[in-house]
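Chemist: following is a predicted model, sequence given first.
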Amino acid sequence: MSEPWREFHASAGQNGLPESQRFAFSAQPTIEDIRRMQAEFTDERDWNQFHQPRNLLLAMVGEVGEVSELFQWRGDVAEGLPDWTEAEREHLAQELSDVLIYLVELAEKCRVDLPQAVLRKMALNRQKYPASRVQGSAKKYTEYED
Ligand SMILES: Nc1ccn([C@H]2C[C@H](O)[C@@H](COP(=O)(O)OP(=O)(O)OP(=O)(O)O)O2)c(=O)n1
């Protein structure tokens, strides 16, 4: 395949789970689809006058705070959120979506091509944290001695 990111196995990180329980995102909408839909939403409301980079950043951070509120005082939350109700899961889905929507629009207004930037950043992360060297350790790269 010509797209290197597709070489990562879809089940990465969930190898212990039976196939029926593995989680993966839907293929659509893409990040570009989300950018376009949000651009239409703001255009239709004449809201671009408010959506400058700094305002979008503040809006995104506000939504991150709303995500934090959902986790507040719960102590440790296990993967898959086993103790959460359907209503709580849907609330979380909405708040995470708000974060993503503002992040994508912030990147657009800053002219950052987010999907390509993510590929470059992940390549850097792999260089900084070679799997063979950092296996099982959460230390920051500056803490490793040669
Ligand atoms: N000026 C605005 C206002 C809203 N939105 C869109 C992007 C977010 O997805 C969502 C945010 O809406 P709210 O500010 O009403 O925030 P919530 O949906 O989180 O509502 P609440 O704060 O009541 O939980 O709507 C937007 O693009 N631009």
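Modeler: In hand now; what should we look at?
Chemist: burial of residue 17, as a residue count?
Modeler: 12 (other Cβ atoms under 10 Å). To be clear about C-beta, it is placed using only N, CA and C from the backbone, and glycine gets the same treatment.
Chemist: quick check: phi and psi at it.
Modeler: Main-chain dihedrals, residue 17, degrees, to the nearest 10: phi -90, psi 140.
Chemist: the one 4 residues further on too?
Modeler: In this entry, residue 21 is assigned phi and psi values of phi -100, psi 0 (degrees, to the nearest 10).
Chemist: look up the closest residue to it, ignoring the ones flanking it.
Modeler: residue 14 (7.9 Å; Cβ to Cβ, 6 or more residues apart in numbering).
Chemist: which of the helices and strands in the chain ranks last by mean pLDDT?
Modeler: helix 131-134 (a mean of 90; mean pLDDT, DSSP states H and E).
Chemist: pull the distance from that helix to the chain's centre.
Modeler: 24 Å (Cα atoms, centre = their mean, to the nearest Å).
Chemist: look up the pLDDT of residue 51 for me, please.
Modeler: We have a pLDDT of 98 for residue 51.
Chemist: quick one on the thing from earlier: any chance you could list what contacts the least confident helix or strand of the chain?
Modeler: For helix 131-134, the external contacting residues (Cβ atoms under 8 Å, 6 or more residues apart in numbering) are 141, 144.
Chemist: list the buried residues in stretch 30-46.
Modeler: 31, 34, 35, 38, 39 (16 or more other Cβ atoms under 10 Å).
Chemist: what about it, average pLDDT?
Modeler: 98.
Chemist: identify all contacting residues around that stretch.
Modeler: Against stretch 30-46 from outside (Cβ under 8 Å, 6+ apart): 29, 47, 48, 51, 100, 101, 104, 105, 107, 108, 114, 115.
Chemist: secondary structure class for the fourth one?
Modeler: Recorded secondary structure, residue 51: coil (DSSP: H, G, I helix; E, B strand; the rest coil).
Chemist: between the buried residues of stretch 30-46, which is nearest the ligand?
Modeler: Proximity of the buried residues of stretch 30-46 to the ligand (Cβ to the nearest ligand atom) peaks at residue 38, which lies at 6.5 Å.
Chemist: and that closest one, how far from residue 29?
Modeler: Distance of residue 38 to residue 29, given as Cβ to Cβ, to the nearest Å: 11 Å.
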